[in-house]
Each structure stands twice: as C-alpha cells, then as structure tokens.
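Engineer: Make a model of this:
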Amino acid sequence: MHFPQHKALLTAMLLSFSLATQARADFDEEDDLKAVYGDKLTVSIATGSQKPLRLAPAVTSVITAADIRAMGATDLDQVLESVAGMHVEKIGANHFSAYVMRGIINELNSQILVLQNGVPMTVLLTGNRSRLWGSYPLQHISRIEVIRGPGSALYGADAYSGVINIITKNSTEIMGTELGVNAGSFSTCDVWMQHGGKIAGVDVAAYLRAGKTSGNADIISADAQTGLDRVFGTRASLAPGPMNNGHEAVDAHLDLSYEKWRWRSSYLLRDNVGTGTGVSSALDLVGKLQSQRLTSDLSWSDSHFLRDWGLGFNLSYAKYLQRLPAPLVLYPPGVTFPTGNFPQGIIGSPNTSERQIRASAFAVYSGWPGHQLRIGLGHDDLYMYDTFEFKNFQVTPAGLPQPAGAVQTYTGALAFLEPHSRKIDYVYIQDEWQFAPDWNLTAGLRHDRYSDVGSTTNPRLALVWDAAYNLTAKLMYGQAFRAPSFAELYSINNPAQRGNPSIQPESIKTLEAALVWQVRNDLLAKFNIFQFRMKNLIRTVPNVIRGTGSSYANTNSQEGQGMEIELNWQASRQLRLNGNYSYQRNIDQTTNQDAGYAPHHHLFARADWLFVQDWMLSPQFNWVAGRKRTVGDLRPPVADYKTIDLSLRTNAGAWEVSGSIRNLMNADAREPSLAPGSIPNDIPLAKRSFYLQLVYKM
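Structural biologist: Sure, this is the predicted structure:
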C-alpha cells in the first residue's frame, strides 16, 4: 500500500506516540482515577462486546438519549450532523439525506452501513437504507454508536466509510408510560406513546408513533427540464416552482426480553413521500411514493455458557416494499426528446418487494491468558421479487425513451429490473490480545462469499496504548468493501443508466492514529488523523456500445486524508460545552482534482446551560465550508453556510416541555446538486423554523 502523503502521516503518528510516552512518564496509573476519566462510558460497536469508549480499537462516537434531549433534535439527521467527521447532505430526489463520512459520498449514499439494533437497514435495490427513508424518530432511541472508518472486518458489506448503529430503549430505560406530541413549522405534527414494564416475567418495551410534515417548499429556479426546453424550444418546465417535500409516517416497535432471550420487531411506514426536486431532477409538484419496512429479530446470548466460553446467535427477517400509489411524472407534460414528444409527460413508476433472512452465531473464548477470541459465522438469504412498473415509454436500442401510448404495466424482462437473489456466507475471527499491562492489540479478519459478485477478505489491526490514567493512544489499519446494489448490477430498460453484471465490489484501505486525552477532570480532548485509498469505485460512464445513455462500471480510485478534533468541557455544574472540528481532502486519482461536494471544513459546537433549576438552554452552531464541484461541473463552488439553532427545555412534575428554533438567523443554506448540475442553484435547506414538544410521564 502506498499513499503519497505517507511520510507526513507517519510523522504525525510518531509524534502522537511520543506525546503518550511523555505523559506516561508524568503520570502513574491509578484505577480509581480511570473511573473518573470515562471508563463508565462504554461502546460495543467496535468489537461486538462492551468496552470502555477510550479503549475501543476504533474511532468511535456515542450519542446518548440525554444528548438527544439536550440538543432539542426532532430527527435523526440533526443528531448525526453533530458527529465529528460527518455531514448530513440533502440529495434532491425525494429530499433524501446522505450521511457523508470523511468526505466519502456517492449519489445513493451506499458507502455507509446503517444498523438498527445490529441488523442492517440496507435495501437490495439501491444498496442504502432506501431513498424513501423519510425520517427517523428519536424518542425510543437509547443511544447511537458510530464507527468512523472501515468496519467490514466485523460487519461485512457497506461498512465502508463508517457504521451507524441505532440502539432502541429497553423496558428499564422507559419504566412506565410516556405520551408525547411534537408540532412545528411546515405543518409538522408527531404524536407518540411508549411503555416499559414487565408482564408475566417478560420485560416489555413498546413504542408507537404517527406523524406528518409537508417539508420546506423553497423555490427551485431551474431544473433538468429547463435545460431540455432550451435545446428543443419547448416550455414544459415547472420551474421556477416549489420542492415537493414532506411525508406521513407510522413507526411501531416491540421489544420482549426473557432471561437470555430477546425478540424485537418493528414496522415503519413512509407514505405520501414527496419527490423533492423530482426523481429525474425535473420538478414534479404532486408525485408521491410509499415504502413499508417490517423487521423482526430473535437473539440469545450467554456470556458464561461454559467456563471461559460465551455463545450467542441472531436470526432476523426483513420485508421491504416500495410502492407508488400513482404513476410518477419523470419529466413534465410537453417534454420532447429526439424520439418524439410526450404530451402527458414521461411517466415511470418502479415497484419492488424484498425479503431478507439473516442468521449469525458467535463464540467468545477467554481461557487463553491475555486473549479474548471471538469467532463468528453467518448466512444471508436476500431476494428481490415482484418487480414491475407503470410507464408510458419504451427504451430504444440507443437508450432513449420513445412514446408508447397510454400508461401500461410492465413486468419481467420488460420492466426496469427482473427479480434477483443474493446469498452470502461469511466467517470472521477477532482476537483482543492484552500482551502487556497497558497495551492491547486487536486483530480481525472476515471473509465474505457472495453468490453474484465473488468473494472478499477484509482485515483489521488496532494497537491501543493506555499510556497513562488520562491518556490513550491508538494506531489502526483496516480494509472494507461495498457490494454493488441490484440496480447497479441488473438495471434494464432504463433510459439513463444500465446495470452491469460484471462490476466488482468497491474497496478501501484506511490508516488512522488517535489520541484520547483527559486534560483534567472537567475537560476531555480527542484527536485523530486518517488517510485512505478507495479503488474500483462504481460510477456511471457513457455507454460506448449504444452511443448514448450510461451504464455502471468500476472506474477510478480516490485518496483522502484528514483530521478530527473533539472537545468536551464541563465548565461548571451548570454549564457544559462540547464541539468538534473536521477537515478532509479527497482527490480523484484519474483527474488529480478534488472529488467534490463534501465539505473540507466542518465545525459544530453546542452549549448546555442549566441557568435556572429545571431549565436548560442549549444553543448550537454549525459551520459547513469548502465544498467544491467535480471535474466538468463548471458552476462556482458551493457557498459556505453557518446556522444557529436554539432549544429550551424544562421539567414540571410529570411534564417535560421543550421548544426549539432551527436556523435562527434564517441563513440561506444550500446543499450541492450533483453533476451535471440539473438543479443549477443547488438544494435549499429549510429557513427559520419552530418546534414545540410536550411529554407526559405516567
């Protein structure tokens, strides 16, 4: 492995370890002080078992339910924007939120793995958590654990730029019944209830939420149809016009635990999901979509099954449906292509159904002095079926849409994609070796065998030095991969993008160094640097055989490096300050130019001020800067923006009341529309908005 900047990175790593050496000389290790300095905060995402956060063999973040309440967040996107190294970027189609980790981004945001209680939320069609994600509520979340960097050695596919695990509350965290309502700008309204208790010896946690929002409807001045109008002399574009955002949602969760057994099920409905700036970047003011997601998983674990042995298994089932209540208008009435005119517009409505069955088991052996050995295996049986679409066009051999009369139903080889299945077998091994009192070496290896895209093996290595009671140093290396989605492999009859069954998984190699420094009792500082190289990136390229349109292919590689700094200061009993700054630079190796769209600089800061008993004020500041375009996109760089949010919370007996103002200064904040710039003036974010939340605890 060769990185052009390896000398600078290795120099910084050596400096980090020399600082740790000095600190070791200055301080003696004392177990009681370790408890003061953060050992109570643990994380499981880094190794699969609970470990003190500062000793975790990865760069990790933890957001607790208390953090979420303090920041006044109303959606998962707002919480993840506070994580160092991460930026939540809006994609125009369906106003989809892309979780950009360390500057790594593609149009579908398929390079980060999102888990719910350890079970992937990935859909087969797009390889992400679905464009129809809509929103994710926060009231039932216990904590969110995040790996920044590769995680395939433990989690397999798509744990590429990072892993996000959403952990829901159990019965002891709820204890009783809670009712709540949240209302605010853009006709937003959510009501929910949750209950935690014990029934006939079984621990029960239940959650039900229903809500809706119309979303911000800022004006899009020009769209993809605007460009077609200029070429063909038509006037079909609906721009200037408002974005079609918003959705309705139902979330239901049930968690049952008995001794060593746990069964969790959830149902997520996203209905009337707007098309954002249009599915094809041409405004569609009325189009709506729907998704339904049913998940259920049964787990059992016993950390002391036998002497020195712990065992566990998990069996999960997921069903995902993408449905379009009415045909979508991809381009508006009157659009013209070289193949003809479409008086009713170009209409296309793909529908899919997915079934996912996953089984896994693990064993942990601790009988070897100084070692904790974890061995796991699993099998995934994934199937996309019932694929069909409504459309009024067919695709010419040249890849252009041509009129086909009235809207008809197309299935099989005439649809956008035929049914396909994928089977995955995997095995992994991980050893945590305490080879000296203050040194731990974690080594892991996972092999995945796919029925459709071959096999891949991904290692990890992490050296953690507990240099002093208040200083920990880490040096880490890992590899990861992203498997092609079914759309990238098998898309057919698509006028814009054709699948390519011969493409291979993307790969990444990452080198990291980190310091965790408890400067004093009330001040914690974290610092890390990283460098990575990505290969076999899957992108669309011109289809040279057809002469028009595009198809997916493994194309270029990218190299990136950066740093992340985090500070947490308990300034007084009434005031806590925390924040982080991230820098990244990602270079496309084909053009030797910036890969584009992700911020080079990102600063987030929040204060929690208990200014009167039971009254907390939490202002927060977010600065996003340095977003360039890709090669060939001649628009000016994306404008920087700064936003300020404010939340106020109080408790009055059984009631909790909170209010928040988002984008207090009404900044004109925008996220970049991806090349070729079909939305020339980018994607506007919501202006100043207000929310009020009431919670009653019974």
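
Engineer: Give me the nearest residue to Glu389, chain neighbours excluded.
Structural biologist: In space, not counting the residues next to it along the chain, Glu389 is nearest to Pro350; the distance is 4.5 Å by Cβ to Cβ, 6 or more residues apart in numbering. All C-beta atoms are positioned from the backbone trio N, CA, C, and that covers glycine.

Engineer: Name all residues that make contact with the one you found.
Structural biologist: Neighbouring residues of Pro350 by Cβ atoms under 8 Å, 6 or more residues apart in numbering: 322, 324, 387-389, 415-417.

Engineer: Can you tell me the element it falls in?
Structural biologist: Assessed by DSSP states H and E, Pro350 sits inside strand 346-365.

Engineer: List the buried residues for that strand?
Structural biologist: For strand 346-365, the neighbour count (16 or more other Cβ atoms under 10 Å) marks 346-356, 358, 360, 362-364 as buried.

Engineer: With stretch 242-251 instead?
Structural biologist: By neighbour count with 16+ other Cβ under 10 Å, stretch 242-251 contains the buried residues 243-249, 251.

Engineer: what does stretch 640-659 give?
Structural biologist: Within stretch 640-659, the residues that count as buried by 16+ other Cβ under 10 Å are 641, 643, 645, 647-649, 656, 658-659.

Engineer: after the worst-scoring helix or strand of the chain on mean pLDDT comes which helix or strand?
Structural biologist: The helix or strand of the chain with the lowest confidence, counting by mean pLDDT, DSSP states H and E, is helix 31-34 at a mean of 36. Past helix 31-34, further along toward the C-terminus, the next helix or strand under DSSP H and E is strand 42-43.

Engineer: who does that next one pair up with?
Structural biologist: strand 51-52 (antiparallel) (DSSP bridges).

Engineer: Off-centre distance for the strand it pairs with?
Structural biologist: For strand 51-52, the separation from the chain centroid amounts to 23 Å (computed by Cα atoms, centre = their mean, to the nearest Å).

Engineer: The next helix or strand after the strand holding Pro350 pairs with which strands, and in what direction?
Structural biologist: Sequence-wise, the next helix or strand downstream of strand 346-365 (DSSP H and E) is strand 371-395. Strand partners for strand 371-395, identified by DSSP bridges, are recorded as strand 346-365 (antiparallel), strand 401-411 (antiparallel), strand 420-436 (antiparallel).

Engineer: Lowest average pLDDT across those?
Structural biologist: Ranked by mean pLDDT, these bottom out at strand 401-411, with a mean of 91.

Engineer: mind checking how far the most centrally placed residue in the chain is from Asp297?
Structural biologist: Centroid-nearest residue in the chain, with Cα atoms, centre = their mean: Tyr99, separated by 4.4 Å. Distance of Tyr99 to Asp297, given as Cβ to Cβ, to the nearest Å: 23 Å.

Engineer: ok, and the closest non-adjacent residue to Thr64?
Structural biologist: Residue nearest to Thr64 in three dimensions, not counting chain neighbours: Arg143, with 5.1 Å by Cβ to Cβ, 6+ apart.

Engineer: so who does that neighbour touch?
Structural biologist: Contacts for Arg143 were tallied using Cβ under 8 Å, 6+ apart; they are 62-65, 167.

Engineer: Work out for me the element it sits within.
Structural biologist: Taking DSSP H and E as the criterion, Arg143 maps to strand 141-148.

Engineer: Could you list the paired strands of that strand along with their orientation?
Structural biologist: According to DSSP bridges, the neighbouring strands of strand 141-148, each with its direction, are strand 60-64 (antiparallel), strand 162-168 (antiparallel).

Engineer: related to what we said a few turns ago, JSON lines please, covering the strands paired with strand 371-395 and showing distance to Trp261.
Structural biologist: Supplementary listing: these in JSON lines, determined by distance: least, Cβ to Cβ, whole Å:
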{"stretch": "strand 346-365", "distance to Trp261": "15"}
{"stretch": "strand 401-411", "distance to Trp261": "42"}
{"stretch": "strand 420-436", "distance to Trp261": "24"}
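
Engineer: Which one of the ones you listed lies nearest to Asn528?
Structural biologist: Across the strands paired with strand 371-395, the minimum distance to Asn528, taken as Cβ to Cβ, is reached by strand 420-436, at 20.2 Å.

Engineer: what's the following helix or strand after the closest one?
Structural biologist: Next in sequence after strand 420-436, counting helices and strands by DSSP H and E, comes strand 439-450.

Engineer: what lines up beside that next one in the sheet?
Structural biologist: Based on DSSP bridges, the strands next to strand 439-450 in the sheet, each with its direction, are strand 420-436 (antiparallel), strand 454-468 (antiparallel).

Engineer: Make sure Tyr320 is actually in contact with Val123.
Structural biologist: Yes. Applying Cβ atoms under 8 Å, one finds Tyr320 in contact with Val123, separated by 5.2 Å.

Engineer: got any residues that touch both of the two?
Structural biologist: Between them, Tyr320 and Val123 share the neighbouring residues 130, 354, with contact defined by Cβ under 8 Å, 6+ apart.

Engineer: surely Gln693 meets Leu648?
Structural biologist: No. Under the criterion of Cβ under 8 Å, Gln693 lies out of contact with Leu648, with a separation of 10.7 Å.

Engineer: Give me the common contacts of those two.
Structural biologist: With Cβ under 8 Å, 6+ apart applied, the overlap between the contact sets of Gln693 and Leu648 consists of 658-660.

Engineer: And stretch 617-632, what's buried?
Structural biologist: Of the residues in stretch 617-632, those scored as buried under the neighbour-count criterion (16+ other Cβ under 10 Å) are 617-620, 622, 624, 626-630.
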